[in-house]
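*Asks:* quick one: sequence and predicted model below, then my questions.
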Amino acid sequence: MYERDEYDQSEPSYEPQPDSPPERPDPLPLDSLKLAFQAQLLACLEECAHGRAGLFGTAIHAQPWLEAEQLRQLAMALQGLLAQQATESDSQDPVALLIDQFLDLCTMHGESNPGEARLAREFLREIASPTPPQAQPSRPW
């Protein structure tokens, strides 16, 4: 440390201390976002399985469903974030697989679409099964 004498008129210079860690920006709260997605997905699937339309964005005449729209937006944002930070060990991340499956169901349109309530019930059964979801599951729809 530099000691000043009583006649020194110069400004003291401050150097960073080696024992203080550099400030780092907070990491993205991916874990909390993934938990929020899972909780919202399950709640919306339950509601859709009981007849509310609009979860997968395929019901044209459904009342606006704010939570479902937010869930789709969160899923798309998380999919992008997870893809940016993906490693080989993350390839079997169950939340990433749920996001992919949910967004895949959101793209189903047409006459052969079995309906949102049925899709929601089947998706809930698949989530509740003791075996982890696979990357390309064989679905009944």
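*Replies:* Here it is on my side, so go on.
*Asks:* next, count neighbours for I60.
*Replies:* As a burial measure, I60 scores 8 neighbours (other C-beta atoms under 10 Å). The way it works is simple: take the backbone N, C-alpha and C, and place the C-beta from them, glycine included.
*Asks:* that one: what secondary structure?
*Replies:* Using DSSP: H, G, I helix; E, B strand; the rest coil, the secondary structure recorded for I60 is coil.
*Asks:* from L124, how far off is it?
*Replies:* Counting by C-beta to C-beta, to the nearest Å, the gap from I60 to L124 is 24 Å.
*Asks:* also L41?
*Replies:* From L41 across to L124, the span is 10 Å (C-beta to C-beta).
*Asks:* between these two, tell me which one has more neighbours.
*Replies:* Counting neighbours by other C-beta under 10 Å for L41 and for L124 shows that L41 has the greater number, 22 against 16.
*Asks:* list the helices and strands the helix or strand that one falls within packs on?
*Replies:* L41 is part of helix 30-49, with elements assigned from DSSP states H and E. Applying 3 or more C-beta pairs under 8 Å, 6 or more residues apart in numbering; DSSP states H and E, one finds that helix 30-49 contacts helix 66-84, helix 94-106, helix 116-128.
*Asks:* out of these, which comes closest to A36?
*Replies:* helix 66-84 (7.1 Å; C-beta to C-beta).
*Asks:* can I get the helices and strands packed on helix 30-49 in CSV with distance to A36 and mean pLDDT?
*Replies:* Shown next, in CSV, are the helices and strands packed on helix 30-49 (distance: least, C-beta to C-beta, whole Å; pLDDT from 0 to 100):
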stretch, distance to A36, mean pLDDT
helix 66-84, 7, 93
helix 94-106, 10, 93
helix 116-128, 16, 93
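*Asks:* could you find the closest non-adjacent residue to L55?
*Replies:* Spatial nearest neighbour of L55, chain neighbours left out: C48 (4.0 Å); criterion: C-beta to C-beta, 6 or more residues apart in numbering.
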